[in-house]
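Student: Sequence isn't available, so here's the structure alone:
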């Protein structure tokens, strides 16, 4: 699976590493250092790569110095925010890994409803800071996910129904390009780059700060989480799909397939059974949300029901313990969908039954009115009619189980491909680093040509290629 390599040898502590150390005020970690193995690790336990050097910049000047050094040394650059990307793009073999974890500051202007977020921040950092003022911006579903990686590929969170994707809410990106230049990309400055960064991934530079628009939210929200055994069949899911039809501007929701653990939170008779959760957050008054979403909790016998009003920050960290960093091997794929037909619901149920690992998740996501309302030309995500998404999130233990789980995921993905929106998919859930350029081109569709030209302007040598890579257009 992890076949990504680049030519080269590791740096010597006596030469290149020392030269770089004199140029930065942050930390530098080299092979053989005590912190090296911890620093190079990412969330997916399947990824095992060895960067030539790891730099933890303290500020944007350190990022500039590191990018300039890498260019002079002929080394590619990978960028680690939270390290959550399933394909492991944060790390690399033989290149320079920029670990942004020392740059996690968040400054909130509650009057302007703007948050300035450094490139190494996690969504937990953002939510804690913004919720002090009853504000939020669409983020992920796990609090230790990095802001940068999630946002640059689109960014799907609970607030998407009301306010769109994370990328839709970025007013400006402050980044360091492959030439070592500090650039601000916004609607009024470098507009082509601004367009590309909203969905184009980490192809164009190192984002050192994001400016996010904020919206009233919380501190208390209503979250519905009824859990039905898979034996309940497709009826509750079809009801859920139809129930959302006139509420997509207020409810961010997904149907998540999983396995019931051996836990006192569940009746013992359900332990080990496959199930699905109709998870939904109401973007508005929590009392109204509890009343409106009550029918989702009355569709048959429940294995459990974790619905209730809770703090927004609590909701944002609710799934953190499902998959701790480094504990599992993961391979995820997805399809954007124009609709959710009965046939695909049945296929999703069958796939949930046949998944070889009890740790595997899969989900049917309602993308919400806020996501679909953005004009297709506004961002690099060129198909805003993707009303739904189907994700296959295979999770397992042990390298000896790789073949079975990879084969299952790929077969299930291919089997549902005909329902997709012209081959579009969520590039944070695209598979592995060996998927090939064809998948990336298909995922971007009509946007790919323009993205390739922007790439050629800001990174003509493809220095930033550890991502869902966009190849620079020929000049």
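Tutor: Yep, that arrived. None of the values given here were measured: they were computed from a predicted structure.
Student: The stretch 51-200 of the chain: helices as residue ranges?
Tutor: 60-73, 123-131, 147-152, 160-163, 191-197 (DSSP state H, counting those that start in this stretch).
Student: Now render those helices as JSON lines, adding distance to residue 374 and mean neighbour count.
Tutor: Yep, even glycine has a C-beta here, placed from its N, CA and C like the rest. Shown next, in JSON lines, are the helices of the stretch 51-200 of the chain (distance: least, Cβ to Cβ, whole Å; neighbours: other Cβ atoms under 10 Å):
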{"stretch": "helix 60-73", "distance to residue 374": "29", "mean neighbour count": "20"}
{"stretch": "helix 123-131", "distance to residue 374": "21", "mean neighbour count": "22"}
{"stretch": "helix 147-152", "distance to residue 374": "14", "mean neighbour count": "30"}
{"stretch": "helix 160-163", "distance to residue 374": "10", "mean neighbour count": "25"}
{"stretch": "helix 191-197", "distance to residue 374": "12", "mean neighbour count": "21"}
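Student: Just send these back as a markdown table, with distance to residue 467 and mean pLDDT too.
Tutor: Below are the helices of the stretch 51-200 of the chain laid out as a markdown table (distance: least, Cβ to Cβ, whole Å; pLDDT from 0 to 100):
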| stretch | distance to residue 467 | mean pLDDT |
| --- | --- | --- |
| helix 60-73 | 15 | 96 |
| helix 123-131 | 20 | 97 |
| helix 147-152 | 8 | 96 |
| helix 160-163 | 22 | 96 |
| helix 191-197 | 12 | 98 |
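Student: so which of those comes closest to residue 305?
Tutor: Proximity to residue 305 (Cβ to Cβ) singles out helix 160-163 among those, at 21.6 Å.
Student: And for that closest one, what's in contact with it?
Tutor: Taking contacts as Cβ atoms under 8 Å, 6 or more residues apart in numbering, the residues outside helix 160-163 that touch it are 137-138, 169, 215, 248-253, 283-284, 366-371.
Student: Please compute how far it lies from its chain's middle.
Tutor: 16 Å (Cα atoms, centre = their mean, to the nearest Å).
Student: Repeat that for stretch 340-356.
Tutor: Between the centre of stretch 340-356 and the centre of its chain there are 23 Å (Cα atoms, centre = their mean).
Student: Check which residues of it are buried.
Tutor: 340, 344, 345, 347, 348, 349, 351, 352, 355 (16 or more other Cβ atoms under 10 Å).
Student: Also stretch 359-379?
Tutor: 359-372, 374, 378-379.
Student: check contacts around residue 154.
Tutor: Neighbour list for residue 154: 165, 166, 167, 199, 381, 426, 427, 428 [criterion: Cβ under 8 Å, 6+ apart].
Student: Ramachandran angles for the closest residue to the last one other than its chain neighbours?
Tutor: In this structure, residue 428 finds its nearest non-sequential neighbour in residue 153, 4.5 Å apart by Cβ to Cβ, 6 or more residues apart in numbering. According to degrees, to the nearest 10, the main-chain angles of residue 153 amount to phi -100, psi 0.
Student: Perfect, I'm done here.
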